[in-house]
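>>> What follows is a predicted structure for the sequence shown.
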Amino acid sequence: MAQFSDLTKESFSQLSNQVALIDFWASWCGPCKVMEPILEEKVAPQFPGVNFYKVNTDQQQELAIQFGIRSIPNMLLIQFNGQGEPNILHSFVGVQDAFEMTMKMNEILSTADGAESVDELAQKRDQKNNADDKQATA
């Protein structure tokens, strides 16, 4: 399962030089609960070069407002430059199909300026899977 880090307004200001998927959610949100295993078990493992974050919109209202989040779940695919300035590449709103989301992310990341190519992401994924297989058989 992929590792998601909690993101706050303070930690958000530290992000730079990365591609990230930020999941805006709330504990009371049923569709958010549906998306959680889809993101963690199916989507995130396909993108080892992407950092994954969660933002609890009840606790981090300023951050949600900053990105204009009006409904959840809302997952933003963002590219941060060296100065930490975000460039929103895509917004996924509502419950998403894992396959469709993966395909869209591959499409976007393959054309995003400065983002890793799909081949590089697949190579990282394969290296991780090979390492995981070696650990499982050891």
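The structure has been received and is ready for your questions. As the structure is a computational prediction, the values presented were derived from the model and not from experiment.
>>> now the helices for the chain?
For the chain, the helices defined by DSSP state H occupy 9-12, 30-37, 61-66, 98-111, 118-137.
>>> Pro73 reaches Lys33, doesn't it?
No - assessed by C-beta atoms under 8 Å, Pro73 is found out of contact with Lys33, at 9.0 Å. Using the backbone N, CA and C atoms, a C-beta is placed for each residue, glycine as well.
>>> And those two? Which one has more around it.
The residue with more neighbours, out of Pro73 and Lys33, is Pro73; 25 against 14, by other C-beta atoms under 10 Å.
>>> For the more buried one, give its distance to Ile38.
Separation of Pro73 from Ile38 (C-beta to C-beta, to the nearest Å): 10 Å.
>>> Which residues are in contact with each of these two?
Residues within reach of Pro73 and of Ile38 at once, by C-beta atoms under 8 Å, 6 or more residues apart in numbering, are Val95.
>>> any idea which residue sits dead centre in this protein?
When C-alpha atoms, centre = their mean is applied to the chain, the residue found nearest the centroid is Leu21 (2.2 Å).
>>> you'd agree that residue is up against Leu77?
Yes - using C-beta under 8 Å, Leu21 is in contact with Leu77, at 5.3 Å.
>>> residues shared between the contacts of those two?
Joint contacts of Leu21 and Leu77 (C-beta under 8 Å, 6+ apart) are Val50, Met105.
>>> quick revisit: flag whichever of the helices of the chain has the least confidence on average.
Here the helices of the chain differ in mean pLDDT, and the lowest is helix 118-137 at a mean of 56.
>>> Pull up the distance across stretch 3-17, start to finish.
Distance between the two ends of stretch 3-17: 19 Å, counting by C-alpha to C-alpha, to the nearest Å.
>>> Check which residues of it are buried.
Neighbour counts over stretch 3-17 (16 or more other C-beta atoms under 10 Å) mark Phe4, Leu7, Phe12, Leu15 as buried.
>>> how much space is there between the second one and Asn56?
Right, the one you point to is Leu7. 9 Å.
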